[in-house]
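Engineer: only geometry, no sequence info:
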């Protein structure tokens, strides 16, 4: 996806531990003589190291993914998107596509949830979350529900080229998504946040992996994946979805905004 949910997937901010007592101060309080300090054991000196730091960004805990912006306490990663409600037939199709893709890139893993992004991931201060959501609701309140189809296999990377995605690009309903993005962008501008990409490719990500592996997935692999989609029974109906709501995820909070 482009400038400004990949679609203008993150995560609640861990509460940081309170700052512990300062070792030197503790030592002075226990000293029996005003001009003499007792030695402080190493176990105490090192007890509170790092308590003023933010949560550690251990990429091994989330599949090797790396933050696109640094953590700061009180900042919440925020993303606006249309959920992609799957049916059993869609999952059957995915169960056919993924093993083929994994023969070219074994480390590909299936997405846990599916959506079409209407914004980039941006950072909101906690006290701006509810005003931001209210502004979004006002902007999308007049939008009608619509059908869209995503049936063109395409390979994507994020802007930093640190992750690769296998996706299904929207082939009908593109205009409606552009209209929604236009309203989301206005809210982003009100809050001085980054708007969406200039020429977006709306899509549903199916699987992902760390690194830029487009050379392995494009070409022959991409053609084979597209053939599976084209020949899948009733694929046109399976991949035709009703957009009924816009959602906003900020930290661990989800907000739903139904379309008319």
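Structural biologist: Happy to help now that I have it. Note that this is a predicted model, so its numbers are computed, not measured. Residues are numbered from 1 along each chain as shown.

Engineer: use CA for all of it now, contacts and neighbours both
Structural biologist: Noted.

Engineer: ok so residue 120 is a strand residue?
Structural biologist: No - assignment of residue 120 by DSSP: H, G, I helix; E, B strand; the rest coil gives coil, placing it outside any strand.

Engineer: quick check: it touching residue 188?
Structural biologist: No - applying C-alpha atoms under 8 Å, one finds residue 120 not in contact with residue 188, separated by 10.0 Å.

Engineer: okay, these two: which has more neighbours?
Structural biologist: residue 120 (25 against 21; other C-alpha atoms under 10 Å).

Engineer: if I look at the more buried one, how far off is residue 96?
Structural biologist: 30 Å (C-alpha to C-alpha, to the nearest Å).

Engineer: give me every residue that touches the residue nearest to residue 148 when sequence neighbours are not counted.
Structural biologist: Of all residues not flanking residue 148 in the chain, residue 173 sits nearest, at 4.5 Å (C-alpha to C-alpha, 6 or more residues apart in numbering). Shown in contact with residue 173 (C-alpha atoms under 8 Å, 6 or more residues apart in numbering): 146-149.

Engineer: swap in residue 102?
Structural biologist: residue 108.

Engineer: give the buried residues for stretch 88-100.
Structural biologist: 89, 93-94, 97-98, 100 (16 or more other C-alpha atoms under 10 Å).

Engineer: can you give me how far it is from the chain middle?
Structural biologist: 22 Å (C-alpha atoms, centre = their mean, to the nearest Å).

Engineer: just the terminal-to-terminal distance for stretch 160-176.
Structural biologist: End-to-end distance (C-alpha to C-alpha), stretch 160-176: 28 Å.

Engineer: per-residue confidence at residue 73?
Structural biologist: pLDDT for residue 73: 78.

Engineer: any idea how many residues pack against it?
Structural biologist: Neighbours of residue 73 using other C-alpha under 10 Å come to 14.

Engineer: surely it is within a helix?
Structural biologist: No - assessed with three-state DSSP, residue 73 is coil; it does not lie in a helix.

Engineer: distance check, residue 151 against residue 225.
Structural biologist: If you measure residue 151 against residue 225 using C-alpha to C-alpha, the figure is 11 Å.

Engineer: just the helices in the stretch 51-200 of the chain please.
Structural biologist: 88-104, 129-140, 174-190 (DSSP state H, counting those that start in this stretch).

Engineer: name the surrounding residues that touch the second one.
Structural biologist: Taking contacts as C-alpha under 8 Å, 6+ apart, the residues outside helix 129-140 that touch it are 180, 183-184, 187, 191, 246, 248, 250, 255, 257, 259.

Engineer: show me the two of those that sit farthest apart.
Structural biologist: 191 and 259 (22.7 Å; C-alpha to C-alpha).

Engineer: next, the distance between the ends of stretch 230-239.
Structural biologist: 11 Å.

Engineer: what is the neighbour count of the closest residue to residue 78 other than its chain neighbours?
Structural biologist: Sequence neighbours aside, residue 250 is the residue nearest to residue 78 in space, at 4.2 Å (criterion: C-alpha to C-alpha, 6+ apart). Other residues within reach of residue 250, judged by other C-alpha under 10 Å, total 26.

Engineer: tell me the spacing between residue 135 and residue 128.
Structural biologist: For residue 135 relative to residue 128 (C-alpha to C-alpha), the value is 11 Å.

Engineer: okay, these two: which has more neighbours?
Structural biologist: residue 135 (18 against 12).

Engineer: model confidence for that one, exactly?
Structural biologist: For residue 135, the pLDDT comes out at 98.

Engineer: quickly note the distance from it to residue 187.
Structural biologist: 6 Å.

Engineer: could you do residue 255 as well?
Structural biologist: 15 Å.

Engineer: quick one: which of the two has more around it?
Structural biologist: residue 187 (20 against 15).

Engineer: which residues are in contact with that one?
Structural biologist: Contacts of residue 187 (C-alpha under 8 Å, 6+ apart): 132, 135-136, 139.

Engineer: can you redo those residues as JSON lines with distance to residue 211?
Structural biologist: Shown next, in JSON lines, are these (distance: C-alpha to C-alpha, whole Å):
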{"residue": "132", "distance to residue 211": "33"}
{"residue": "135", "distance to residue 211": "36"}
{"residue": "136", "distance to residue 211": "33"}
{"residue": "139", "distance to residue 211": "36"}
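
Engineer: all set now, cheers.
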